[in-house]
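Q: Dropping the sequence and predicted coords here.
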Protein chains: 2
Amino acid sequence: MHVTSQPSAGGVAERLFMLGDIPGVLWTPVGAAGPRPLVLLAHGGGQHKQAPGVVARARHYVTACRFAVAAIDAPGAGDRRKTAQDLAHAAAVRQRLEAGQPLGPLLAQDNAERHIRAVPEWRATLAALLTNGLASGPVGFWGVSLGSAIGIPLAAAEPRISAAVFGLAGHENLAGAAARISIPVEFLLQWDDELIPRESGLALFDAFASPQKTLHANPGRHAAIPAFELAASALFFRRHLLAP
Amino acid sequence: MHVTSQPSAGGVAERLFMLGDIPGVLWTPVGAAGPRPLVLLAHGGGQHKQAPGVVARARHYVTACRFAVAAIDAPGAGDRRKTAQDLAHAAAVRQRLEAGQPLGPLLAQDNAERHIRAVPEWRATLAALLTNGLASGPVGFWGVSLGSAIGIPLAAAEPRISAAVFGLAGHENLAGAAARISIPVEFLLQWDDELIPRESGLALFDAFASPQKTLHANPGRHAAIPAFELAASALFFRRHLLAP
């Protein structure tokens, strides 16, 4: 793991790193010593590790909760080398958007494939952050839409993740992994999601084996999660990642 | 309105009052001057204005949020005079419980009737608290189960209520009133509710006209709302009852 830069602003230190060909970023409170919870933050489709919403969320968890936060570019996103498959997918998305065709089936298929590359990358990143002493734990995960298509299989495979926020995803490709998850889960559902049918999102919430799971549903389309869910997720992570 | 006692403990002043034959209680922060939000707290079936869960919730809103909180006994509950109808209902509930029969239809019918008496009582209580200078506003409402059977028609009728937490209720008798509500709503649903079918609870959430409404669903039976929803409701009331 190679740390490439170390700027800081507003009390938040931001370290860019490379792990092999995976570009990532780690945010921590400036001048804070000692172990602290780490939240893994997975971006959505069409975004990257430093998209505005990702950075704002990371800074909130660092400043309001004093957590560390890590993000990496998903396969094909941000600073990652694009494969022929990535380029073909991006072209297909553009084509459908221009033609006014529904994106749902295309995204569902791509999400289902992308986690196969992404899960080992997240596990390697987490291991490197912990063994290099850049982070400690307990470890939480936040990711919706593509972030859940990757994060749900990740949390099913990675025992070091002890609480997770998922959402904007349906049961079709994910119910099996959800049924292997028993950590506390907060699940975000958009009541008028144009990509994920309501029943499919409710069925995915139902599929988690977690005794502690909580569904937060709000009106609006896929990308319209209300701003107040940021504070709600911080409350969730405090509850589960901080010692009582 | 006649204040009958004024004890205080742990920083919370507790004033019992009578408004005609309606017994109520008002909790406020000890020694706090000036206007503050008021939360109306409606108890569930079989409970009363000073049931342990009601008092604990009131004290949390007073100490954590510096709000005032008011509760009254619902018709037939607590210190209220019981009508022949109240006594017959209580006997029918006991009988069904002893016979192991489902309570759902009986409670639904009783809840649907009880709000006819309760809504004017709540409105008179609110008016008296405000005109006597015992409380100010903005005004929130919290009530689930019987508290929603009363609270949803109440909020539809009472323009001074500007944010409400409802839940544990179905759409059958309440969808009409919900459709006349446009204030921010937080709605609590128990995923394995033995009294309210899941689909009926989801349909009631769907029925609110509120542009800002948020559904919190958790696993478990009717009476098993997780303790963390108390802090979540405080976050909701802070968001909507405090000036930004």
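A: Great, that's in hand.

Q: count of neighbours near the residue nearest to A:Pro37 when sequence neighbours are not counted?
A: Of all residues not flanking A:Pro37 in the chain, A:Leu241 sits nearest, at 3.7 Å (Cβ to Cβ, 6 or more residues apart in numbering or on different chains). Heads up, the C-betas are built off the backbone N, CA and C, glycines and all. Using other Cβ atoms under 10 Å in any protein chain shown as the criterion, A:Leu241 is surrounded by 21 other residues.

Q: ok so A:Leu154 is a helix residue?
A: Yes - assessed by DSSP: H, G, I helix; E, B strand; the rest coil, A:Leu154 belongs to a helix.

Q: Just list what the helix or strand that A:Leu230 is a member of packs against, helices and strands only.
A: Using DSSP states H and E, A:Leu230 falls within helix A:228-241. If contacts are counted by 3 or more Cβ pairs under 8 Å, 6 or more residues apart in numbering or on different chains; DSSP states H and E, helix A:228-241 sits against helix A:52-65, strand A:139-142, strand A:161-167, strand A:185-190, strand A:213-218, helix B:228-241.

Q: give me that answer again for 6 Å
A: The contact analysis (3 or more Cβ pairs under 6 Å, 6 or more residues apart in numbering or on different chains; DSSP states H and E) places helix A:228-241 against helix A:52-65.

Q: circling back: my guess is the residue nearest to A:Pro37 meets A:Val139, correct?
A: No - counting by Cβ atoms under 6 Å, A:Leu241 stays clear of A:Val139, with 7.9 Å between them.

Q: Any buried residues in stretch A:202-210, and which?
A: A:202-208, A:210 (16 or more other Cβ atoms under 10 Å in any protein chain shown).

Q: Ok, stretch A:183-202 next?
A: Applying 16+ other Cβ under 10 Å to stretch A:183-202 flags A:183-191, A:193, A:195-196, A:198, A:200-202 as buried.

Q: Give me the distance between A:Glu158 and chain B.
A: According to Cβ to the nearest Cβ, to the nearest Å, A:Glu158 and chain B sit 23 Å apart.

Q: so what's that residue closest to, chain neighbours aside?
A: A:Arg123 (5.6 Å).

Q: Chain B versus the residue nearest to A:Pro37, what's the distance?
A: From A:Leu241 to chain B the distance is 14 Å (Cβ to the nearest Cβ).

Q: now swap in A:Val139 and tell me
A: With Cβ to the nearest Cβ as the criterion, A:Val139 and chain B are 20 Å apart.

Q: neighbours around that residue, how many?
A: A:Val139: 24 neighbours (other Cβ under 10 Å).

Q: list the contacts for it?
A: The contact partners of A:Val139, taken as Cβ atoms under 6 Å, 6 or more residues apart in numbering or on different chains, are A:38, A:160-161.

Q: which of those tops the neighbour count?
A: Result: A:Leu38 is most packed of those (other Cβ under 10 Å), 27 neighbours.
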